[in-house]
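Engineer: After the sequence you'll find the predicted model.
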Amino acid sequence: MGVSALSLTRLPSCIPGIFQVVALLGLLLLLFKVAQFYLHRQWLLKVLQQFPSLPSHWLFGHKFEKDEELQYILKMVEKFPSASPRWLWGNELLVHVYDPDYMKLILARSDPKAHGTYRFLAPWIGYGLLLLNGKTWFQHRRLLTPAFHYDILKPYVKITANSVQMMLDKWERLSDQDAPLEIFQHVSLMTLDTIMKCAFSHQGSIQLDRNYQSYLQAVGALSNLMISRVRNAFHQNDTIYRLTSEGRSAKQACQIAHEHTEQVIKQRKAQLQDEGELEKVRKKRRLDFLDILLFAKMENGSSLSDKDLRAEVDTFMFEGHDTTASGISWILYALATHPKHQQKCREEVQGLLGDGVSITWDHLDQMPYTTMCIKEALRIYPPVPSVSRELSKPVTFHDGRSLPKGLRVSLSIYALHHNPNVWPNPEVFDPFRFAPDSHRHSHSFLPFSGGARNCIGKQFAMNEMKVAVALTLLRFELLPDPTRVPYPVSRVVLRSKNGIHLHLKKLQ
């Protein structure tokens with residue numbers, strides 16, 4: 001008892017000493033971290049000596065106003081024609097690449113998607129074809145490639161045309177109000193309607209069902225939140241992010257998106273319980289996207305797990321409608337601001353389709369001028385502004401410059417398409433850049449990326465764009481709204497900060 005009392009009387013006098021030890025250890029840890037930061041930065045500066053960049057702050061990196069990223073990238077391209085680092089904060093950086101030879105070399109390699117960028121998409125779309133790497137990615141890619149065979153894509157043209165006509169009927173009613181129309185949301189609903197019918201065997205029309213507006217709103221919110229998180233140093237940690245208001249909003253939006261895809265899977269499974277539907281599927285020479293997933297057997301004989309199944313559905317649901325909606329909306333805007341090209345496309349389509357009651361697979365290769373205009377719009381407004389890789393081994397480019405293993409490389413498609421060394425007068429809309437007799441670098445135009453990991457649905461997307469543009473030009477003259485010029489911003493897809501507003505003048 002006496003010893004215990006003596007110990008208690010002495011304990012308070014020990015506390016200052018403990019605090020001193022803790023403080024000393026904390027200081028030593030801080031000094032270690034500072035030294036580690038300094039040495040790593042010196043190494044980065046040394047390996048990047050061959051790649052100059054715009055002036056930056058040692059801690060806050062390259063700073064610009066919110067939604068000014070694309071304008072910053074254009075300044076970078078103007079001064080450094082091939083590649084340039086962009087410091088995010090501290091020692092975090094991306095090396096932006098926008099030279100066709102650089103792009104070709106990187107896309108020919110098997111570097112994984114940059115984890116530090118793409119992992120923020122995982123809670124939303126899971127590890128499907130977009131985020132997977134290595135052998136698993138190859139297995140999934142090989143599994144899903146038959147879903148985009150031309151035998152499958154041919155009947156989709158009619159389905160797409162019906163969805164487009166439904167959107168145009170709505171536009172005809174709204175155009176009577178003589179006010180400009182914000183088209184992106186309408187086009188998004190139409191492309192969602194198309195992908196649901198083509199890839200997921202959906203019955204009925206999405207465009208007539210208001211419940212799907214919540215899914216589109218969730219996708220828009222997740223696109224904004226993901227980019228916001230990538231740019232915020234304090235939101236990199238998952239635990240911290242979950243405690244923020246943005247983290248809670250992202251979780252709620254993910255839940256809405258997942259409920260939608262789970263319902264799609266559930267409905268198709270229920271349809272396949274019907275013997276008639278099952279027999280119809282078995283007689284098909286090739287299966288649609290979702291049916292491939294549901295009937296899939298991997299190389300080891302096992303079926304896809306529910307988690308893998310939903311990841312692929314989430315991925316293609318998003319990629320199959322949002323990127324195409326971006327492309328179509330910007331194409332229509334480009335034609336609205338270039339009336340001579342718009343009229344020439346219209347005359348070509350009128351000569352081919354007449355009243356446009358029926359458009360077929362064979363028509364899609366018989367509109368060369370319209371296709372040239374579509375490609376030129378995709379050059380100026382690429383639906384996916386950039387993709388990124390993490391170098392799994394060093395790389396040396398054709399000019400002798402090199403980058404070490406471990407660096408994140410942003411393949412800036414927007415910068416490539418606006419690089420004056422690649423495209424003279426890049427801001428000028430000139431469809432003759434894509435004339436049949438034109439010559440260009442194989443990797444100078446990458447609206448669907450390139451290499452082995454190019455967009456699996458690029459032919460589906462191009463077909464949908466052609467159908468949408470052709471049928472729209474038969475019904476309307478497109479005019480820009482001079483009071484609301486679209487302001488391109490980089491999200492997961494290229495969007496406009498203030499929407500895309502057009503006047504739609506019904507043709508007689």
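Structural biologist: Looks like it arrived, so ask away.
Engineer: C-terminal to the helix or strand containing Leu29, what's the next element?
Structural biologist: Leu29 belongs to helix 2-47 when elements are defined using DSSP states H and E. Downstream of helix 2-47, the next assigned helix or strand under DSSP H and E is helix 69-79.
Engineer: picking up where we left off before, report all helices and strands that the helix holding Leu29 contacts.
Structural biologist: Helix 2-47 sits against no helix or strand, with contacts defined as 3 or more CB pairs under 8 Å, 6 or more residues apart in numbering; DSSP states H and E. In this view, the C-beta of every residue, glycine as well, is placed from N, C-alpha and C.
Engineer: average pLDDT across it?
Structural biologist: Helix 2-47 shows a mean pLDDT of 80.
Engineer: next one: stretch 211-228
Structural biologist: If you average the pLDDT over stretch 211-228, you get 92.
Engineer: how about it: buried residues?
Structural biologist: Neighbour-count burial for stretch 211-228, counted by 16 or more other CB atoms under 10 Å, picks out 212, 215-216, 218-227.
Engineer: Would it be right to say that Ala270 lies in a strand?
Structural biologist: No. Ala270 is assigned helix when assessed by DSSP: H, G, I helix; E, B strand; the rest coil, not a strand.
Engineer: Got the confidence number for it?
Structural biologist: Looking at Ala270, its pLDDT reads 90.
Engineer: now swap in Val395 and tell me
Structural biologist: pLDDT, Val395: 98.
Engineer: quick one: contacts for it?
Structural biologist: Contacts for Val395 (CB atoms under 8 Å, 6 or more residues apart in numbering) come out as Leu105, Ile106, Arg109, Ser402, Leu403.
Engineer: out of those, which are inside helices?
Structural biologist: Of these, the ones assigned to helices by DSSP state H are Leu105, Ile106.
Engineer: Pick out the most distant pair among the contacts of Val395.
Structural biologist: Farthest pair in the contacts of Val395 (CB to CB) is Arg109 and Ser402. Separation: 13.5 Å.
Engineer: Just confirm Pro81 is within a strand.
Structural biologist: No. Counting by three-state DSSP, Pro81 is not part of a strand but coil.
Engineer: what pLDDT does it get?
Structural biologist: In this prediction Pro81 is given a pLDDT of 90.
Engineer: repeat for the one 4 residues further on
Structural biologist: If you check Pro85, the pLDDT there is 97.
Engineer: Likewise for Gln263?
Structural biologist: Gln263 carries a pLDDT value of 94.
Engineer: Look up how far Met166 lies from it.
Structural biologist: Taking CB to CB, to the nearest Å as the measure, Gln263 falls 21 Å from Met166.
Engineer: can you check Val349 too?
Structural biologist: Distance of Val349 to Met166, computed by CB to CB: 19 Å.
Engineer: the more surrounded of these two?
Structural biologist: Val349 (24 against 17; other CB atoms under 10 Å).
Engineer: name the element that one belongs to?
Structural biologist: Using DSSP H and E, Val349 falls within helix 339-353.
Engineer: follow-up on the earlier one: what subset of the contacts of Val395 is buried?
Structural biologist: Applying 16+ other CB under 10 Å to those flags Leu105, Ile106, Leu403 as buried.
Engineer: Of all the residues in stretch 34-49, which ones are buried?
Structural biologist: Neighbour counts over stretch 34-49 (16+ other CB under 10 Å) mark Leu44, Leu48 as buried.
Engineer: Poorly predicted segments of the stretch 151-300 of the chain, please.
Structural biologist: 297-300 (pLDDT under 70).
Engineer: host element of Glu259?
Structural biologist: Assigned by DSSP H and E, Glu259 belongs to helix 245-271.
Engineer: tell me what that helix is packed against?
Structural biologist: Packing partners of helix 245-271 (3+ CB pairs under 8 Å, 6+ apart): helix 122-125, helix 184-200, helix 212-230, helix 238-243, helix 289-295, helix 306-336.
Engineer: got CSV for those, with distance to Glu259 too?
Structural biologist: Shown next, in CSV, are these (distance: least, CB to CB, whole Å):
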stretch, distance to Glu259
helix 122-125, 13
helix 184-200, 15
helix 212-230, 9
helix 238-243, 20
helix 289-295, 17
helix 306-336, 11
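Engineer: Any idea which of those helices gets closest to Arg141?
Structural biologist: Checking the helices and strands packed on helix 245-271 against Arg141 by CB to CB gives helix 306-336 as the closest, at 10.8 Å.
Engineer: The closest one to helix 212-230, inter-axis angle?
Structural biologist: Orientation check (axes from the mean of the first three to the mean of the last three CA atoms, to 10 degrees): helix 306-336 against helix 212-230 gives 90 degrees.
Engineer: check contacts around Gln267.
Structural biologist: Applying CB under 8 Å, 6+ apart to Gln267 gives the contacts His202.
Engineer: can you rerun that using 10 Å?
Structural biologist: Phe200, Ser201, His202, Gln203, Leu290 (CB atoms under 10 Å, 6 or more residues apart in numbering).
Engineer: quick one: terminal-to-terminal distance for stretch 431-447?
Structural biologist: End-to-end distance of stretch 431-447: 15 Å, with CA to CA, to the nearest Å as the criterion.
Engineer: I misspoke; the intended subject was stretch 295-310.
Structural biologist: In stretch 295-310, first residue to last residue: 14 Å (CA to CA).
Engineer: Stretch 385-400 now?
Structural biologist: End-to-end distance of stretch 385-400: 27 Å, with CA to CA as the criterion.
Engineer: next one: stretch 400-419
Structural biologist: Span of stretch 400-419 from end to end, CA to CA: 21 Å.
Engineer: swap in stretch 467-483?
Structural biologist: 29 Å.
Engineer: shouldn't Lys79 be in contact with Tyr72?
Structural biologist: No. Here Lys79 does not reach Tyr72: they are 11.2 Å apart, not a contact under CB atoms under 10 Å.
Engineer: can you list residues touching both of the two?
Structural biologist: Taking CB under 10 Å, 6+ apart as the criterion, Lys79 and Tyr72 both touch Leu54.
Engineer: Between the two, which is the more surrounded one?
Structural biologist: Tyr72 (16 against 11).
Engineer: got the contact list for the nearest residue to the more buried one once chain neighbours are set aside?
Structural biologist: In this structure, Tyr72 finds its nearest non-sequential neighbour in Phe64, 4.7 Å apart by CB to CB, 6 or more residues apart in numbering. Contacts here follow CB under 10 Å, 6+ apart; on that basis Phe64 touches Leu54, Leu70, Gln71, Tyr72, Ile73, Lys75, Arg86.
Engineer: ok, now Ile159?
Structural biologist: Asp193, Thr194, Ile195, Met196, Lys197, Cys198, Glu464, Val467.
Engineer: The closest residue to the fifth one other than its chain neighbours: which element?
Structural biologist: I take that to be Lys197. Leaving aside its sequence neighbours, Lys197 sits nearest to Ile159 (CB to CB, 6+ apart; 5.1 Å). Taking DSSP H and E as the definition, one finds Ile159 inside helix 150-175.
Engineer: what about the closest residue to Val264 other than its chain neighbours, distance to Lys269?
Structural biologist: Nearest residue to Val264 in three dimensions, chain neighbours excluded: Phe200, at 5.2 Å (CB to CB, 6+ apart). Separation of Phe200 from Lys269 (CB to CB): 11 Å.
Engineer: More neighbours: which of those two?
Structural biologist: Higher neighbour count among Phe200 and Lys269: Phe200, with 21 against 11, using other CB under 10 Å.
Engineer: And stretch 378-385, end to end?
Structural biologist: Terminal-residue distance, stretch 378-385 (CA to CA): 10 Å.
Engineer: I meant stretch 133-153, not that one.
Structural biologist: Length of stretch 133-153, first residue to last, CA to CA: 27 Å.
Engineer: residues near Asp362, how many?
Structural biologist: 9.
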